[in-house]
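Visitor: I'd like to go over a predicted model; first the sequence, then the structure.
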Amino acid sequence: MTSVFDLIGLAAAAMTTFAFLPQVIETWRSRSTAGLSLVMLCVLATGLALWLVYGIGEGQLPVILANGATLILVLILLGLKLRDVLGLRFLR
């Protein structure tokens, strides 16, 4: 049976994950990562990966879903940022 706290956790997971979606869409459309900090993206990706490992270890589905999905979105932003920083024209 699903508890109220599980539902709260899943709602929080959905909201924090979808919060990154507009940034990914805007960055993809504008083809500009000038407003994104490379250090912030690296630290955030590392933190999300650690939360994902924690969630897996503890068997916490909301933690796994939120951090797994958000990590994917942040890795997309990080890839776009690295492409721009490194000047990789063939990935445009």
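Guide: Yep, it's here.

Visitor: C-alpha from now on. contacts and neighbour counts both.
Guide: Noted.

Visitor: quick check: which element contains the residue nearest to residue 66 when sequence neighbours are not counted?
Guide: Leaving out its chain neighbours, the residue that sits closest to residue 66 by Cα to Cα, 6 or more residues apart in numbering is residue 13, at 4.4 Å. Taking DSSP states H and E as the criterion, residue 13 maps to helix 4-18.

Visitor: let me know the average pLDDT across that helix.
Guide: For helix 4-18, the mean pLDDT works out to 89.

Visitor: only C-alpha atoms, please: export the next helix or strand after it in PDB.
Guide: As assigned by DSSP H and E, the chain's next helix or strand after helix 4-18 is helix 21-30. C-alpha atoms of helix 21-30 as PDB (Å, rounded to 0.1, in the frame of the first residue of the first chain):
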ATOM      1  CA  LEU A  21      13.000  20.700 -18.400                       C
ATOM      2  CA  PRO A  22      12.400  24.400 -19.400                       C
ATOM      3  CA  GLN A  23      16.100  25.100 -19.100                       C
ATOM      4  CA  VAL A  24      17.000  22.100 -21.300                       C
ATOM      5  CA  ILE A  25      14.400  23.100 -23.900                       C
ATOM      6  CA  GLU A  26      15.500  26.800 -23.900                       C
ATOM      7  CA  THR A  27      19.200  25.900 -24.100                       C
ATOM      8  CA  TRP A  28      18.500  23.400 -26.900                       C
ATOM      9  CA  ARG A  29      16.400  25.900 -28.900                       C
ATOM     10  CA  SER A  30      18.700  28.900 -28.400                       C
END
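
Visitor: enumerate the positions of helix 21-30 that are buried.
Guide: Neighbour-count burial for helix 21-30, counted by 16 or more other Cα atoms under 10 Å, picks out 23-24, 27.

Visitor: low-confidence ranges in the protein?
Guide: For the chain, the stretches with pLDDT under 70 are 1, 89-92.

Visitor: of all residues in it, which one is nearest the centre?
Guide: Note on the chain: the residue nearest the mean C-alpha position is residue 70, at 2.7 Å, using Cα atoms, centre = their mean.

Visitor: what's the closest non-adjacent residue to it?
Guide: Leaving aside its sequence neighbours, residue 70 sits nearest to residue 17 (Cα to Cα, 6+ apart; 4.9 Å).
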